[in-house]
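>>> give me a model of this one.
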Amino acid sequence: MIKKSFGLNSGSIILLFYLTICGFVFNAHDSFAAISTDSYCQLTIQLMQQESSNIQTLIPLANQYKDDPTTLAQKEEIKRAQFEQSNTALYAQFGTTANEYMFYMGKHSSEVNEYLKNNPDLKNQIDSLSAQISNLVSQYESLKEPKIKK
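All right, here's what the predicted structure looks like:
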């Protein structure tokens with residue numbers, strides 16, 4: 001859906017996802033939630049785990065409805081609405097919102113980078129989840145590509 005709307009390839013989608021998740025939005029925002037750097041990193045990991053699970057949920061749909069793009073789009077919309085609700089609940093558990101989360105890195109990038117430098121296990125977990133998501137997105141997108149019939 002993102003791919004069609006914006007003409008992006010799966011590599012671009014992965015990059016956009018990673019930039020969003022990691023919060024590389026260098027825009028200041030005045031109404032940040034009182035979230036600690038540790039909480040921000042834990043939230044990032046949980047969001048990435050959730051995204052991985054979400055994509056794993058979409059892959060069977062893409063397989064099942066690969067010959068029926070209209071039904072697939074409808075099923076994806078339903079799932080994406082559920083995913084959005086789950087994300088909103090996760091942000092709330094950490095006392096923040098999606099917007100505040102996205103702008104956090106811009107305001108606190110040095111603290112986050114230092115924290116991850118001092119906690120390589122968390123950085124490795126984020127990097128591993130990023131690679132996993134990248135692979136899943138590639139798999140998902142390849143299932144959705146129209147097949148040329150011979």
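>>> low-confidence stretches in the chain?
1-33, 146-150 (pLDDT under 70).
>>> which parts of it are helices?
2-6, 10-22, 37-64, 69-93, 98-118, 120-144 (DSSP state H).
>>> any chance of those helices in a markdown table, with mean neighbour count too?
For glycine as for every other residue, the C-beta is placed from the backbone atoms N, C-alpha and C. Listed next are the helices of the chain as a markdown table, based on neighbours: other CB atoms under 10 Å:
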| stretch | mean neighbour count |
| --- | --- |
| helix 2-6 | 11 |
| helix 10-22 | 16 |
| helix 37-64 | 17 |
| helix 69-93 | 13 |
| helix 98-118 | 16 |
| helix 120-144 | 16 |
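>>> run through the residues that contact Ser52.
Contact analysis of Ser52 by CB atoms under 8 Å, 6 or more residues apart in numbering lists Leu129, Gln132, Ile133, Leu136.
>>> these two touch, right, the last one and Gln56?
Pointing back at Leu136 there. Yes - using CB atoms under 8 Å, Leu136 is in contact with Gln56, at 6.4 Å.
>>> roughly how far out does stretch 128-147 sit from the chain middle?
12 Å (CA atoms, centre = their mean, to the nearest Å).
>>> what's the answer for stretch 42-52, then?
Using CA atoms, centre = their mean, the offset of stretch 42-52 from its chain centre is 8 Å.
>>> same question, stretch 122-134
With CA atoms, centre = their mean, you get 11 Å for stretch 122-134.
>>> and stretch 118-128, by the same measure?
Here stretch 118-128 is found 17 Å from its chain centre; the criterion is CA atoms, centre = their mean.
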